[in-house]
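[1] Got a sequence here, can you model it:
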Amino acid sequence: MATTTARSPRRRPRLRGASPTPVNLDGWFLCKDFLYWPMPALELKNGDEIIVKLGSGEDTADTFHADGMLGVLGGIGAVGLYRGSGFGTKEDIVSFVSWSGGIARRDVARAAGIWGDDDVEAGEGDAIVYLGEGVGAEAYVVQAAATADVGSAY
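    Predicted structure coming up:
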């Protein structure tokens, strides 16, 4: 499972399936700092993408609403994807990105071997896009807010 992050004015994290086999998201969580949102019980196939809007609204087949449970993505932060509720354990964290000094759960991501010492440096509204391989900040590219293709970000 690969994830990327977008901090756009629309504040729409996206998840894209990258596993060769479908992944059932029942029991998984998307976490921003120390705020947790349980993922919908659905199967994410390779190439499928879901959008998580941070506000309230009507869910569709590929768009879900966290109903304010994740706050806003803001200028400093971290987002992690967990396959269970063991938020402090390296066994449950699947993906992680930290930007501009966000430290929440960075130690867990490091212990799991999915994050290094550096953060992604991005401005407010920029998109942070996972390149599909690698560990830590070097596995991401930043697209400036004015040109960000949030369709390719999570």
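[2] What distance do you get for the closest residue to residue 42 other than its chain neighbours to residue 142?
    Leaving out its chain neighbours, the residue that sits closest to residue 42 by Cβ to Cβ, 6 or more residues apart in numbering is residue 25, at 5.6 Å. Using the backbone N, CA and C atoms, a C-beta is placed for each residue, glycine as well. Per Cβ to Cβ, to the nearest Å, residue 25 is found 27 Å from residue 142.
[3] who has more neighbours, these two?
    Counted by other Cβ atoms under 10 Å, residue 25 and residue 142 do not tie: residue 25 has more neighbours, with 21 against 17.
[4] For that one, which residues are in contact?
    The contact partners of residue 25, by Cβ atoms under 8 Å, 6 or more residues apart in numbering, come to 39, 40, 41, 42, 43, 44.
[5] Those residues in strands, which ones?
    Under the assignment DSSP state E, those contribute 43, 44 to strands.
[6] Name the nearest of the contacts of residue 25 relative to residue 70.
    residue 39 (11.7 Å; Cβ to Cβ).
[7] hmm, who's touching stretch 108-118?
    80, 87-91, 93-96, 98, 106, 135-138.
[8] Narrow those residues to just the buried residues.
    Burial by neighbour count, judged by 16 or more other Cβ atoms under 10 Å, picks out 80, 87, 93, 94, 95, 96, 98, 106, 136, 137 from these.
[9] mind listing what the last one touches?
    I take that to be residue 137. By Cβ under 8 Å, 6+ apart, the neighbours of residue 137 are 98, 116, 118, 119, 120, 121.
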